[in-house]
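S.K.: When you get a sec, could you give me coordinates for this:
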Amino acid sequence: MRHGRESWYDDEAGPLVRPYSVTRGRTRPDRYDLNIITLVSTTSKENLALEPEYVQILRLCRIPLSIAEVSAKLGLPIVVVKILVADLIEDGLLIFRSPDSPLNTETPDMKTLQAVLDGIRRL
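M.R.: Numbering: from 1, shown residues only. Sure, this is the predicted structure:
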């Protein structure tokens, strides 16, 4: 479990540490294939003795949210949120559901996905 680090965000100044510090230099989740539309929600377990960013994710995910929504609400890059969510899944504090695979295997248009993410962040 991850414990004991002080808050990474100051309301007036903004982020106090770079995102890679929050993930301890990791750039990918270790075990889970999470994408921006993967839904995550808390389990019945709750551990508020975690670092602040983990607690924030657990509080947000009391209702199912996508990785993109969590990212937008926290103001953190999606890759950082994926890593933190994977940590919480590993600890049994979050569950996830990836969307069913579509019948066609076309790659989604990245410009459209980016526009959606930008729109969510503006909310």
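
S.K.: measure stretch 36-45 end to end?
M.R.: 24 Å (CA to CA, to the nearest Å).

S.K.: Now do it, average pLDDT.
M.R.: The average pLDDT for stretch 36-45 rounds to 86.

S.K.: any chance you could map the helices in this structure?
M.R.: 19-22, 52-60, 67-74, 78-90, 110-122 (DSSP state H).

S.K.: Give me the angle between the fourth one and helix 110-122.
M.R.: Angle of helix 78-90 versus helix 110-122, following axes from the mean of the first three to the mean of the last three CA atoms, to 10 degrees, is 80 degrees.

S.K.: Quick check: residue 59 vs residue 120, distance?
M.R.: Residue 59 sits 18 Å away from residue 120 when distances are taken as CB to CB, to the nearest Å. From N, CA and C alone the C-beta is placed, and that goes for glycine too.

S.K.: How about residue 62?
M.R.: Distance from residue 62 to residue 120, by CB to CB: 19 Å.

S.K.: Same question for residue 67.
M.R.: Distance of residue 67 to residue 120, computed by CB to CB: 11 Å.

S.K.: ditto for residue 78
M.R.: Taking CB to CB, one finds residue 78 at 11 Å from residue 120.

S.K.: what's the overlap in contacts for the two?
M.R.: 68, 71 (CB atoms under 8 Å, 6 or more residues apart in numbering).

S.K.: neighbour-wise, which of residue 67 and residue 120 wins?
M.R.: Under the criterion of other CB atoms under 10 Å, the comparison of residue 67 against residue 120 puts residue 67 first, with 21 against 15.

S.K.: Hmm, residue 32 and that one touching each other?
M.R.: No: with contacts defined as CB atoms under 8 Å, residue 67 does not count as touching residue 32, sitting 10.5 Å away.

S.K.: Find residues that contact each of the two.
M.R.: 82, 85.

S.K.: Count the residues that sit near the residue nearest to residue 41 when sequence neighbours are not counted.
M.R.: Spatial nearest neighbour of residue 41, chain neighbours left out: residue 64 (4.3 Å); criterion: CB to CB, 6 or more residues apart in numbering. The local packing of residue 64 (other CB under 10 Å) involves 13 other residues.
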